[in-house]
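[1] The following comprises the amino acid sequence and a computationally predicted model.
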Amino acid sequence: MASLQFNVRPFRAIVPSRPSCLPKCGRIQCSVTSTHKRYNITLLPGDGIGPEVISVAKDVLKLAGSQEGIEFRFQEMPVGGAALDLTGVPLPEETLSVAKQSDAVLLGAIGGYKWDNNEKHLKPETGLLQLRAGLGVFANLRPATVLPQLVDSSTLKKEVAEGVDLMVVRELTGGIYFGKPRGFGTNEKGEEIGFNTEVYATYEIDRIAHVAFETARKRRGKLCSVDKANVLEASMLWRKRVTMVASEYPDIELSHMYVDNAAMQLIRDPKQFDTIVTNNIFGDILSDEASMLTGSIGMLPSASLGESGPGLFEPIHGSAPDIAGQNKANPLATVLSAAMLLRYGLGEENAAKRIENAVMETLDKGFRTGDIFSSGKGLGFEGSLLFLPWGRSLRPNVSSTSL
Ligand SMILES: NC(=O)c1ccc[n+]([C@@H]2O[C@H](COP(=O)([O-])OP(=O)(O)OC[C@H]3O[C@@H](n4cnc5c(N)ncnc54)[C@H](O)[C@@H]3O)[C@@H](O)[C@H]2O)c1
């Protein structure tokens, strides 16, 4: 029975309400009686290539769902520049309200030249930060996987890049980006200073640690906690708490690494990592570094999860205004974000696997967008085509010429 397939006990112990990274028990129980599950998904296409890639991901979700007895109800809402043009604000209240009431949120991308000179509170990016805060998503999961078909796209030597499959779990709502006091002032010599505060409370460390241990459990069972505990007090507390939480996960192999060493090891021997957990600022930097091991920003998905409520799933790339509207965007980062939505947002592992297999099969067949096309390899295709393993393509516009 579907409701018995998920091990929810460890999460229930940490948080009173259902974390978004778990299936909704009520809905899963529904599935036991009806075998037909229904989820409400908020789609936030946003700007630039956002609508293009979301449209593909929506079709893929529908098709994968139909194979697994899942029905999706999609509601499309404006965010970012699109919302500014429509309503004058980058995150309308109604968008947040619909998003909060849904089972999961899939975002395209926001931003564009048109709004670059807006005041800060009227920038598309502000809408994205408000959305993350409004949904209370504190855990950011970013996989970096070097697919065998794309190993030549990595800037690292083939023998270093081949087989890399890691996940960075980044704390998203605490640390130095939010810590107070912060600001500008003058020192005793009368010089201007800028200052920020790196601060973590135990509950913030514990909850991200639990997400990381659970994530490692779904992967290869190895977790590396990255900090700067030789210098920073906040990191000393981080290491202490992560070590304490580890006692609840005897099946997970925990190690600790200083951030400077981690930055080096990611380039030297990235295959040593399975799951990495780290604070907000280190995660910001290391997840970008890790993503570049894979070669293309157009392939990388992400998930942001909270203690309760829907998770937010989005490609890591931006709105790519330079290629928007030209049918050149690689939709796979968003399609893989939809797979993360199924796995981490809804607990629909089979449907998630279907999508991931479809992506692999598409690449195996040699189809490539411009960003992942290497000369002499692959057929090339216009951006929004995706082949699915159950034998049909989502778009008829196959092109056998490279972009
Ligand atoms: N989460 C988000 O929505 C997000 C993230 C980053 C940047 N942005 C915004 O996006 C806008 C453009 O920013 P940028 O140029 O620094 O970053 P970007 O990720 O939009 O683009 C960087 C480069 O990668 C290419 N690229 C990105 N996604 C691609 C895809 N799916 N397929 C093929 N090529 C792809 C682009 O064409 C561009 O050359 C800015 O307004 C920025 O603020 C939004």
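    Looks like it came in fine.
[2] State the three-state secondary structure for the residue lying closest to residue 331 once chain neighbours are set aside.
    Nearest-residue entry for residue 331: residue 56, 3.9 Å, with adjacent residues in sequence omitted and distances by Cβ to Cβ, 6 or more residues apart in numbering. In this view, the C-beta of every residue, glycine as well, is placed from N, C-alpha and C. Following DSSP: H, G, I helix; E, B strand; the rest coil, the label given to residue 56 is helix.
[3] At the geometric centre of this protein, which residue sits there?
    Residue closest to the mean C-alpha point of the chain, counted by Cα atoms, centre = their mean, is residue 302 at 1.1 Å.
[4] was I right about residue 363 contacting residue 153?
    No. Using Cβ atoms under 8 Å as the test, residue 363 is too far from residue 153 to be in contact (10.9 Å).
[5] Quick check: nearest residue in space to residue 78, chain neighbours excluded?
    Nearest residue to residue 78, sequence neighbours excluded (Cβ to Cβ, 6+ apart): residue 86, at 5.1 Å.
[6] Report how many residues lie close to residue 152.
    Using other Cβ atoms under 10 Å, the number of residues around residue 152 comes to 13.
[7] Same question for residue 94.
    12.
[8] show me the contacts for it.
    Each residue near residue 94 by Cβ atoms under 8 Å, 6 or more residues apart in numbering is listed here: residue 77.
[9] Does the helix or strand hosting residue 142 reach the ligand?
    Assigned by DSSP states H and E, residue 142 belongs to strand 137-145. No. Figure legend: strand 137-145 not in contact with the ligand (Cβ under 6 Å from any ligand atom); closest approach 11.3 Å.
[10] Centre of the chain to that strand, how far?
    5 Å (Cα atoms, centre = their mean, to the nearest Å).
[11] Which neighbours in the sheet does that strand have, and how are they oriented?
    Strand 137-145 has the following strand partners under DSSP bridges: strand 165-171 (antiparallel), strand 301-306 (antiparallel).
[12] What's the mean pLDDT across that strand?
    In this model, strand 137-145 carries a mean pLDDT of 95.
[13] What of stretch 226-234?
    For stretch 226-234, mean pLDDT rounds to 98.
[14] Roughly how far does the residue nearest to residue 78 sit from residue 79?
    10 Å (Cβ to Cβ, to the nearest Å).
[15] between these two, who's got more neighbours?
    The neighbour count for residue 86 versus residue 79, taken as other Cβ under 10 Å, is higher for residue 79 (31 against 11).
[16] what pairs with the helix or strand where residue 73 lies, and is each one parallel or antiparallel?
    Using DSSP H and E, residue 73 sits in strand 70-76. Strand 70-76 sits in its sheet next to strand 37-46 (parallel), going by DSSP bridges.
[17] In the strand it pairs with, which residues are buried?
    By neighbour count on 16 or more other Cβ atoms under 10 Å, the buried set for strand 37-46 is 37, 39, 41-46.
[18] swap in stretch 219-232?
    Residues 222-229, 232 are the ones in stretch 219-232 that count as buried (16+ other Cβ under 10 Å).
[19] Give me the subset of these that lies in strands.
    Of these, the ones assigned to strands by DSSP state E are 222-227.
[20] Can you lay out the residues you listed as TSV showing distance to the ligand?
    Shown next, in TSV, are these (distance: Cβ to the nearest ligand atom, whole Å):
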residue	distance to the ligand
222	29
223	26
224	26
225	26
226	23
227	26
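[21] OK, contacts around the nearest residue to residue 285 once chain neighbours are set aside?
    Excluding its sequence neighbours, the residue lying closest to residue 285 (Cβ to Cβ, 6+ apart) is residue 263, at 7.3 Å. Applying Cβ under 8 Å, 6+ apart to residue 263 gives the contacts 285-286, 289.
[22] from memory residue 248 sits against residue 213, does it?
    Yes. Counting by Cβ under 8 Å, residue 248 does reach residue 213; the two are 7.3 Å apart.
[23] In terms of neighbours, single out the busier of the two.
    Legend: neighbour count by other Cβ under 10 Å for residue 248 and residue 213, higher for residue 213 (23 against 13).
[24] and that one, how far is that from residue 94?
    Distance from residue 213 to residue 94, by Cβ to Cβ: 37 Å.
[25] helix/strand/coil for the residue of the chain most remote from its centre?
    Going by Cα atoms, centre = their mean, the residue of the chain most distant from its centre is residue 189, 44.8 Å out. Per three-state DSSP, the secondary structure class of residue 189 is coil.
[26] For it, give its distance to residue 84.
    For residue 189, the distance to residue 84 - Cβ to Cβ - is 43 Å.
[27] angle of the host helix or strand of residue 357 against strand 137-145?
    Following DSSP H and E, one finds residue 357 within helix 349-364. Counting by axes from the mean of the first three to the mean of the last three Cα atoms, to 10 degrees, helix 349-364 lies at 40 degrees to strand 137-145.
[28] Which helix or strand contains residue 63?
    Per DSSP H and E, residue 63 falls inside helix 50-67.
[29] the strands in the stretch 101-250 of the chain, which residues?
    Here the stretch 101-250 of the chain has its strands, by DSSP state E, counting those that start in this stretch, at 104-109, 137-145, 165-171, 183-186, 192-195, 222-227.
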